[in-house]
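Engineer: Coordinates only, no sequence provided:
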């Protein structure tokens, strides 16, 4: 079983505009509402791939009820801990090829609520082969909480795929029990290591990852580089991955879909090149679909065969 963790889910509301955004005026829209949060995007894609997946995290109030109902509608199994505060709403205005976002911070979580989730998580992690943890932490939760959860999951024998940044990533890398996989982008890696990197100098990226003791014990370090593809480092070996050029419809959720592909491959025991091919196929397909965390599966063969994975 693959367990996905979303600590700060949301109702993602997209407002597509037929024309330009009219500031200080009325903009009439037909909203598209989705059960959102990075981990829930991962969950939906894993469902499409046929995996046994369970979503968990924190839900609160009527907004939380709405999220749970939407997950039921799309067939995603879930077991969330309930909190008193209302789950958040995030709005994206789509106008003239631009995406303007309004992101609520989300509810504040009490110590008792967090303890309740921790107890639930320990039980669920014991049933999981792979655990994904994605996105931001809500207010009231320390930046080291992902590291704590990763330790619980690793102790239960699960492989942890962590997709976060900043202080949460730093704390997880400093912990005794390391994540199995981390996926910073090039800018996040530079911020973590205090220097700038370029896609044209992958040797510098490889040497920096290999020499920094924080990455010791992390099986997979995957560095996303936008249009330049990604670089991956696993057990002393390095790969360069290039996805095919496509017409991007909606890039939101592509990183989450990539994590889903990685989780799918790792859970199945795929070899390193196949894990990378699966992840990048899923990320690319998501960008070709107007829905977030959704793959146009009829295009799978075309994209899968066009992804280039090269050991360097």
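Structural biologist: Arrived safely, thanks for sending. Since we're looking at a predicted model, the values are computed, not measured.

Engineer: Please make it C-alpha for all contacts and neighbour counts, starting now.
Structural biologist: OK.

Engineer: roughly how far apart are the residue positioned nearest the centre of the chain and residue 9?
Structural biologist: Of all residues in the chain, the one closest to the mean position by Cα atoms, centre = their mean is residue 256, 3.5 Å from it. Look at residue 256 and residue 9: by Cα to Cα, to the nearest Å, they are 13 Å apart.

Engineer: Quickly list what's touching both of these two.
Structural biologist: Listed as contacting both residue 256 and residue 9 by Cα atoms under 8 Å, 6 or more residues apart in numbering are residue 38.

Engineer: Which secondary structure state does residue 244 sit in?
Structural biologist: Secondary structure assignment for residue 244 (DSSP: H, G, I helix; E, B strand; the rest coil): coil.

Engineer: by contact count, what packs against whatever helix or strand the residue nearest to the centre of the chain lives in?
Structural biologist: For residue 256, the enclosing helix or strand under DSSP states H and E is helix 254-267. If you count contacts as 3 or more Cα pairs under 8 Å, 6 or more residues apart in numbering; DSSP states H and E, helix 254-267 packs onto helix 38-48, strand 130-134, strand 159-163, helix 272-287.

Engineer: Which one of these lies nearest to residue 4?
Structural biologist: strand 130-134 (4.8 Å; Cα to Cα).

Engineer: where exactly do the helices run in this structure?
Structural biologist: Applying DSSP state H to the chain gives helices spanning 38-48, 61-73, 111-125, 145-155, 166-174, 186-193, 202-211, 254-267, 272-287, 300-306.

Engineer: got the ones you listed as CSV, with distance to residue 221 and mean pLDDT columns?
Structural biologist: Converted to CSV, those look like this (distance: least, Cα to Cα, whole Å; pLDDT from 0 to 100):
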stretch, distance to residue 221, mean pLDDT
helix 38-48, 18, 97
helix 61-73, 30, 97
helix 111-125, 22, 97
helix 145-155, 16, 97
helix 166-174, 11, 94
helix 186-193, 10, 90
helix 202-211, 8, 89
helix 254-267, 12, 97
helix 272-287, 11, 96
helix 300-306, 22, 97
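
Engineer: Figure out which of these is closest to residue 99.
Structural biologist: Short answer: helix 272-287, nearest of the helices of the chain by Cα to Cα, at 14.1 Å.

Engineer: Remind me what that closest one packs against, helices and strands.
Structural biologist: By 3+ Cα pairs under 8 Å, 6+ apart, helix 272-287 packs against strand 237-242, helix 254-267, helix 300-306, strand 308-311.

Engineer: Mind listing the strands the last one pairs with, and their directions?
Structural biologist: Which is strand 308-311. strand 237-242 (antiparallel) (DSSP bridges).

Engineer: Report the inter-axis angle for the partner strand versus helix 202-211.
Structural biologist: 140 degrees (axes from the mean of the first three to the mean of the last three Cα atoms, to 10 degrees).

Engineer: Could you report the separation of residue 288 from residue 194?
Structural biologist: 34 Å.

Engineer: So which of those two has more stuff around it?
Structural biologist: Taking neighbours as other Cα atoms under 10 Å, residue 288 and residue 194 compare with residue 288 leading, 20 against 9.

Engineer: Can you pull the phi/psi pair for that one?
Structural biologist: The phi/psi pair for residue 288 (degrees, to the nearest 10) reads phi -90, psi 0.

Engineer: Enumerate every residue touching it.
Structural biologist: By Cα under 8 Å, 6+ apart, residue 288 lies in contact with 246-251, 295-296.

Engineer: Quick one, which of those residues are buried?
Structural biologist: Taking 16 or more other Cα atoms under 10 Å as the criterion, what is buried in the contacts of residue 288 is 250-251, 295.

Engineer: Contacts only, for the residue nearest to residue 44 when sequence neighbours are not counted.
Structural biologist: Excluding the flanking residues, the one nearest residue 44 by Cα to Cα, 6 or more residues apart in numbering is residue 293, at 6.1 Å. Shown in contact with residue 293 (Cα under 8 Å, 6+ apart): 40-42, 44-45, 252-254, 256-257, 286.

Engineer: Hmm, the residue nearest to the centre of the chain is touching residue 41, no?
Structural biologist: Yes - here residue 256 reaches residue 41: they are 6.0 Å apart, a contact under Cα atoms under 8 Å.
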